[in-house]
Every structure is written in structure tokens, then in C-alpha cells.
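Undergrad: What would the 3D arrangement of this be:
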Amino acid sequence: MGLVYTEITMKNVKDQITAEKGLIPEKDIRQITVNALVDSGAWTMVINEATREKLGLEAKKTAPGVLADGTQSTYKLTDPVEIAWKDRSVICEPLLIPAAAENLLGAIPLEAMDLTINPRTEEVVGVHGDQILLSLM
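TA: Okay, here's the model as predicted:
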């Protein structure tokens, strides 16, 4: 199977909360739509420095990580983002790898949105079809 990409939108959750309180207009919620590499070997969402800056995220916490080349290190986690794929979404704290060539959509957000990779078509699909199950809402 080759590399699989899918379009996702990431939104700054702190901005969403601020907008809900009426402190900023909804149009000022920072968000970005990217074609993310789907990586079932990554445990969470991985973003690079350019994405962190566009979303206005702070990075304070840390978590251990192992890169595909075996490099082990401690990486920063950013403020939460809402990841949206079609009609599904999940909130997570992305792992920041500043020099990452691309953003990675990892296993935990895939599972949380009930998504999988179809190896035959090499695309992201809903585990139970394209319609999200009511029990997941």
C-alpha cells in the first residue's frame, strides 16, 4: 500500500471557546485545512511549526515519541485542536515536531472518528460506512 492522504480541517479550540463567550467573532477562529498524511503508526496528530503558528497554538506540555527512523526524544504537545473530517470531529493535543515535512493524522484521532484506511482504494473511510453512527455522538 502506498502513502495515504486525506483532507482535514484543524481549528484552535481556545479560539472556539473565546468565540462562544462572545469575545471574538466566529470568523476569527483560527483554522487550517490540510492534506494530512494518514499514519496509523503515529499515536496522535503530529503538526509542524508552520501549522502551529497558523493556528496560534502554544506548546507547553511534553510527551515522549519515537520517529519513523527510530529517533527517540521528548516532544512538545500543543494547545488542543478540533480535527474535522467530513461530518466527524475529535479534539486532541497535537504532538509538535517543528521540522516535520507534513502533518500526520495518527491512530488515536482516526479511532476516535471511527475511521480506517481502505487498503484497496488507499483512502480514508468510515469503519461503518460514511455516515457516523448515532451511538458515537
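Undergrad: Quick check: which ranges of this structure have low pLDDT?
TA: For the chain, applying pLDDT under 70 flags the ranges 1, 129-137.
Undergrad: If we use 50, what do you get?
TA: 133-137 (pLDDT under 50).
Undergrad: Closest to the centroid, which residue in it?
TA: M45 (4.1 Å; CA atoms, centre = their mean).
Undergrad: how deep is the nearest residue to that residue once chain neighbours are set aside tucked in, by neighbour count?
TA: Spatial nearest neighbour of M45, chain neighbours left out: P94 (4.1 Å); criterion: CB to CB, 6 or more residues apart in numbering. In this view, the C-beta of every residue, glycine as well, is placed from N, C-alpha and C. By the criterion of other CB atoms under 10 Å, P94 has 29 neighbours.
Undergrad: Over to P94: give its phi and psi.
TA: P94 adopts backbone torsions of phi -70, psi 150, taken as degrees, to the nearest 10.
Undergrad: and it, what is it in contact with?
TA: Going by CB atoms under 8 Å, 6 or more residues apart in numbering, P94 touches 10, 44-47, 57, 77-78, 81.
Undergrad: give me that answer again for 6 Å
TA: 45, 47, 78, 81 (CB atoms under 6 Å, 6 or more residues apart in numbering).
Undergrad: Can you tell me which of the residues you listed lies closest to T62?
TA: Set against T62, the nearest of the contacts of P94 by CB to CB is T78 (11.0 Å).
Undergrad: Around that closest one, how many other residues sit close by?
TA: Neighbours of T78 (other CB under 10 Å): 22.
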